[in-house]
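S.K.: Everything below, folded, please.
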Amino acid sequence: MHDWLAHRVRSTPDREALVNASSGNAWTYATLDETVAEMAGRLSALGVSDGDHVAGVLETGVEAVCLIHATMRLGAVLVPLAPEFTPPELADRVDHADVDTVVCDEATESQVRSAAEQVPGSVPTLSIHESERDDVTSLSAAEREAFTPTAWDRGDTQLLLFTSGTTGDPKTVRLTMGNLLASATASAFRLGIDPEDRWLVPLSLHHMGGIAPVLRSALYGTTVIVRETFDPGGTVDDIREYDATCVSLVPTMLRRMLSARGTLPGCLRFALVGGAPTPAELVERCRDYSVPICPTYGMTETASQIATARHGEAFDHPETVGSPLLWTDVTVVDEDGAPVEAGESGELVVRGPTVTPGYYDDPAATSEAFGEYGLHTGDVGYRDEKGRLYVLNRLDDRILSGGENVDPGEVVDAVRAHPSVDEAAVVGLADEEWGEQVAALLVPDEEAVDVADLEAHLRERLAGFKLPRTIGTVDELPRTVSGTVERDAVRDRLREGETMSIERSQPSARAASDTESVRAVADDEGVSSAGSAVDDPDGDADSAPAANPEPADPDDSDVSDDDEAGDDGATDEAADSDNAGEPEDDASSADEH
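M.R.: Residues are numbered from 1 along each chain as shown. Predicted structure coming up:
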């Protein structure tokens, strides 16, 4: 199989392929194919060949779209890198991915060259723009040369993508042509294909959420509309102006778009929302304003989607991400790796043709990630009796405070329910007495957050040991390029910035119960309980005398954290929609739109 654009242009040369939302300029498949052939010929003349690793450090735009297709035509492996990366970040990734050539633009050439100087050996730098630097070669300086397009096998590596790296060092994910083809096919079976689809992509083209619509549209024969930068109101206006039927977003983007314009235009068949957990209240807001939201759960390692809910299903079950896509198996396992029953939470393990064969040049990480049932995602969730998937949080997000497990997703849900909070992230901070303390970083809605009012609100919803003790506010949560909250950055902000506190002054029901138990034992043994040391696992009873524990709120009664629904997980990307006559991959209705 040759590159997908080459196959598409033979079928529908005159159909519109690409639109630049900033200028309104458009390309048919014939003109896009010629533009890609021109770029591929110049890259070939400058030494790029089959099997080379080509890093793209480009601003989102038409040129980035062309590079995706041109590298596939040449048989090169594309390594997309964020234009926001600093030289050390770029150097680390260029070195790790064994990059042979870097393609940049005028906005990124300076940091690219600084990065190249930090990498052993010589890494040629090519620019899509004119450059005055001696160490950068402009593509326009090369004469296009003839070359033979590469034929791809399904097992050939097409992309090397770096994981977002919310904690620890990012890994380099291998995605084969077969992974991408299976993902595009499964997405079409879930959400359908309309030949008139027009897919707006305001996401960056250096991670899977932006790349997938570009590749899939060439396979489907539909139109991609590329937006160079994200602006909430402007993106809504583009949907209307260009009659977009599909749009890929992360939850924060959608929330801001709704705030800017109230709702989204009626031309949309779906708004595919992933890259971070989609709050139930956002789904319900979309339901109330007839916005066809399709929450999706995916990973870089699975070429985007693992499960996606059609909007009708999402409206009925706002916390679900739907059932797994065609050919994708999701097994929920316990701490010993054994499958659990429906309704029981555990780690999500994924198997299927979309799953990466492994991490590049890292056999140890690959071996650690895969087990009997497939790829261990590190995400915690469960499936209900109907097979719908619910993603709760990350395994490493759990907070252990005074011997009690706290699900940060549950705390996030409670904090977000306060009217003065727009967004929130909850993490554990090291604490000498309790091991970890719960801490929250908030984005206020409009007015400042009243901590006393927030505390009263939370005590009605959470056991005392789950309350955040350190609270900070920011204008925007730190996120990775895929939209996931960057938890290490949240911790840094809470440690270093100005914060507020909720004191440990009121015991939860569990604290009171434990205090009473110890006192009862002490009294039976003739020991004065007032002088005894009491272990308070939730850290709320340290100011309450053991002999006369303060009564707890009814809502603080014995809650099992492991049964609480949280609000975390990973998601990546986007798909096509459902219309009359779409192929069907499960027992649910095909025409929920």
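S.K.: how about low-confidence regions in the chain?
M.R.: Within the chain, the segments meeting pLDDT under 70 span 164-169, 402-405, 433, 481-482, 504-593.
S.K.: how's it carved up into domains?
M.R.: With automatic domain parsing as the criterion, the domains of the chain are listed as 1-152, 509-552.
S.K.: In stretch 122-140, which residues are buried?
M.R.: Residues 123-128, 131, 136-139 are the ones in stretch 122-140 that count as buried (16 or more other CB atoms under 10 Å). Bear in mind the C-beta positions are built from the backbone N, C-alpha and C, glycine included.
S.K.: I meant stretch 223-235, not that one.
M.R.: Within stretch 223-235, the residues that qualify as buried are 223-227, 230, 232, 234-235, counting by 16+ other CB under 10 Å.
S.K.: so how far is it off the chain centroid?
M.R.: The offset between the C-alpha centroid of stretch 223-235 and the centroid of the whole chain comes to 19 Å, using CA atoms, centre = their mean, to the nearest Å.
S.K.: now do stretch 231-240
M.R.: Distance of stretch 231-240 from its chain centroid, counting by CA atoms, centre = their mean, is 22 Å.
S.K.: Then Pro295 would be within a strand, right?
M.R.: Yes: the assignment for Pro295 is a strand, going by DSSP: H, G, I helix; E, B strand; the rest coil.
S.K.: Tally up the residues packed near it, please.
M.R.: Pro295 has 31 neighbouring residues, counting by other CB atoms under 10 Å.
S.K.: how close does it get to Pro83?
M.R.: Taken as CB to CB, to the nearest Å, the spacing of Pro295 relative to Pro83 amounts to 28 Å.
S.K.: Check Asp153 too.
M.R.: Relative to Pro83, Asp153 is positioned 31 Å away (criterion: CB to CB).
S.K.: ok so, going back, just put the domains of the chain in JSON lines and tack on distance to Glu436.
M.R.: Converted to JSON lines, these look like this (distance: least, CB to CB, whole Å):
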{"stretch": "domain 1-152", "distance to Glu436": "29"}
{"stretch": "domain 509-552", "distance to Glu436": "10"}
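S.K.: any idea which of these is most buried?
M.R.: Relative to the other members of the domains of the chain, domain 1-152 carries the highest mean neighbour count by mean count of other CB atoms under 10 Å, namely a mean of 19.
S.K.: re earlier: which of the buried residues of stretch 223-235 sit farthest apart?
M.R.: Greatest spatial distance among these (CB to CB): Thr223 and Pro232, at 22.6 Å.
S.K.: distance of Arg42 from His69?
M.R.: Arg42 sits at a distance of 14 Å from His69 (criterion: CB to CB).
S.K.: Quickly note the distance from Ala276 to Leu441.
M.R.: Ala276 sits 15 Å away from Leu441, going by CB to CB.
S.K.: can you tell me the helix or strand for Ile306?
M.R.: Using DSSP states H and E, the element containing Ile306 is strand 304-308.
S.K.: Summarise which helices and strands the helix or strand following that strand is packed against.
M.R.: Under the assignment DSSP H and E, the closest C-terminal helix or strand after strand 304-308 is helix 311-316. Based on contacts counted as 3 or more CB pairs under 8 Å, 6 or more residues apart in numbering; DSSP states H and E, the elements that helix 311-316 packs against are helix 280-288, strand 293-299.
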